[in-house]
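> below is the sequence, then the predicted model.
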Amino acid sequence: MVWLGISIPFWGTALGSAIVFLMKGSINRNLEKLLLGFASGVMIAASVWSLLIPSIEMADGQGLPAWIPAAAGFFIGILFLLLLNTIISKFRIESEKQMKMQSHLGKTGMLVLVVTLHNLPEGMAVGVTFAGALIGHTGITMAGAFVLALGIAIQNLPEGAIISMPLCGMGMSRKRAFVCGVLSGAVEPLGAMLTIFLTGFIVPFLPYFLSFAAGAMIYVVVEELIPELQSHESVDIGVIGVAIGFTLMMVLDVALS
């Protein structure tokens with residue numbers, strides 16, 4: 001059952017990438033904003049109900065000041081993604097200089113690399129929650145772990161499409177664009193499995209890992225998704241998507257946990 005749960009986000013990415021076979025041309029701008037907003041809402045709600053709140057409750061159960069692991073892990077998660085994004089940006093600039101910004105391969109590879117690296121913390125978040133559910137007495141239920149996996153899978157639907165559709169627009173075949181989108185999500189179950197295998201070592205630090213994953217997810221929302229929502233027109237559509245995604249994820253987490 002655990003292996004099924006940690007694979008759910010991957011299938012969300014695969015299903016989103018498959019949209020390339022159904023749509024012609026690029027994604028409708030309004031639809032893209034709605035999907036991005038929905039993904040943002042899901043990730044924000046998951047960070048609070050599925051990660052930060054369990055982190056606080058678990059720290060309290062360990063006799064620690066409840067706010068310390070949540071605050072420290074969250075801040076470290078933000079800094080980690082900030083550092084990762086800085087390294088990626090420098091690598092992208094160097095690649096563009098070497099290729100004189102003409103090669104589709106360079107742009108394609110960078111797009112897939114960025115999304116793949118951002119997917120790793122999400123996979124770790126799923127692995128941490130399932131590890132907590134397996135340990136017991138952590139405040140995390142198996143249902144809650146599945147809810148988080150489902151929420152990330154929902155978030156991965158537009159993410160998969162956002163990879164495969166632009167790649168197809170760059171001239172890549174639909175089949176290859178689909179494969180690239182799917183591969184970008186393959187790192188998630190790998191990250192989740194690695195985290196579960198290390199469960200025995202991370203138990204004392206589980207509150208920090210949970211809040212770290214929350215910080216990483218919030219960084220992705222603030223750095224990648226929200227700026228895209230604010231670009232061009234139809235900002236209100238993105239706001240509606242955020243409201244729907246946040247509400248759905250919150251209801252699922254509270255109702256099934």
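Perfect, I can see it now. Numbering: from 1, shown residues only.

> for N30, grab the count of nearby residues.
Using other Cβ atoms under 10 Å, N30 has 12 neighbouring residues. Where C-beta positions appear, they are placed from N, C-alpha and C, glycine not excepted.

> cool, G144 as well?
By the measure other Cβ under 10 Å, the count of residues near G144 is 23.

> next one: the one 3 residues further on
V147 sits with 24 neighbouring residues when counted by other Cβ under 10 Å.

> which strand or helix spans it?
helix 142-169 (DSSP states H and E).

> contacts for the helix or strand just after that helix, please.
Counting by DSSP H and E, the next helix or strand C-terminal to helix 142-169 is helix 174-185. Helix 174-185 has contacts (Cβ atoms under 8 Å, 6 or more residues apart in numbering) with 9-10, 12-14, 16-18, 20-21, 108, 112, 115-116, 119, 156, 159-161, 163-165, 167-168, 172.

> buried set for the helix holding V147?
For helix 142-169, a neighbour-count test (16 or more other Cβ atoms under 10 Å) marks 142, 144-168 as buried.

> now M217: how far from V2?
21 Å (Cβ to Cβ, to the nearest Å).

> same deal with V220?
25 Å.

> between the two, which one's more packed in?
Applying other Cβ under 10 Å to V220 and V2 shows that V220 carries more neighbours, namely 24 against 17.

> so M193 touches G5, yeah?
No: contact criterion Cβ atoms under 8 Å: M193 and G5 do not qualify, at 11.2 Å.

> show me what the helix or strand hosting V254 is packed against.
Element membership for V254, per DSSP H and E: helix 235-256. If you count contacts as 3 or more Cβ pairs under 8 Å, 6 or more residues apart in numbering; DSSP states H and E, helix 235-256 packs onto helix 29-45, helix 142-169, helix 226-230.

> what's the angle from it to helix 142-169?
Here helix 235-256 runs at an angle of 150 degrees relative to helix 142-169 (axes from the mean of the first three to the mean of the last three Cα atoms, to 10 degrees).

> pull helix 235-256 out as PDB, backbone CA atoms only.
Only the C-alpha atoms of helix 235-256 are listed here, as PDB (Å, rounded to 0.1, in the frame of the first residue of the first chain):
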ATOM      1  CA  VAL A 235      -5.100  37.500 -12.800                       C
ATOM      2  CA  ASP A 236      -8.600  36.900 -11.200                       C
ATOM      3  CA  ILE A 237      -8.700  33.400 -12.900                       C
ATOM      4  CA  GLY A 238      -5.500  32.400 -11.100                       C
ATOM      5  CA  VAL A 239      -7.000  33.700  -7.800                       C
ATOM      6  CA  ILE A 240     -10.000  31.500  -8.300                       C
ATOM      7  CA  GLY A 241      -7.800  28.500  -9.000                       C
ATOM      8  CA  VAL A 242      -5.900  29.200  -5.700                       C
ATOM      9  CA  ALA A 243      -9.200  29.300  -3.800                       C
ATOM     10  CA  ILE A 244     -10.400  26.100  -5.300                       C
ATOM     11  CA  GLY A 245      -7.200  24.200  -4.800                       C
ATOM     12  CA  PHE A 246      -6.700  25.400  -1.200                       C
ATOM     13  CA  THR A 247     -10.200  24.600  -0.200                       C
ATOM     14  CA  LEU A 248     -10.200  21.100  -1.800                       C
ATOM     15  CA  MET A 249      -6.900  20.100  -0.300                       C
ATOM     16  CA  MET A 250      -8.000  21.500   3.200                       C
ATOM     17  CA  VAL A 251     -11.300  19.600   3.100                       C
ATOM     18  CA  LEU A 252      -9.600  16.300   1.900                       C
ATOM     19  CA  ASP A 253      -7.000  16.500   4.600                       C
ATOM     20  CA  VAL A 254      -9.300  17.400   7.500                       C
ATOM     21  CA  ALA A 255     -12.000  14.900   6.400                       C
ATOM     22  CA  LEU A 256      -9.700  11.900   5.700                       C
END
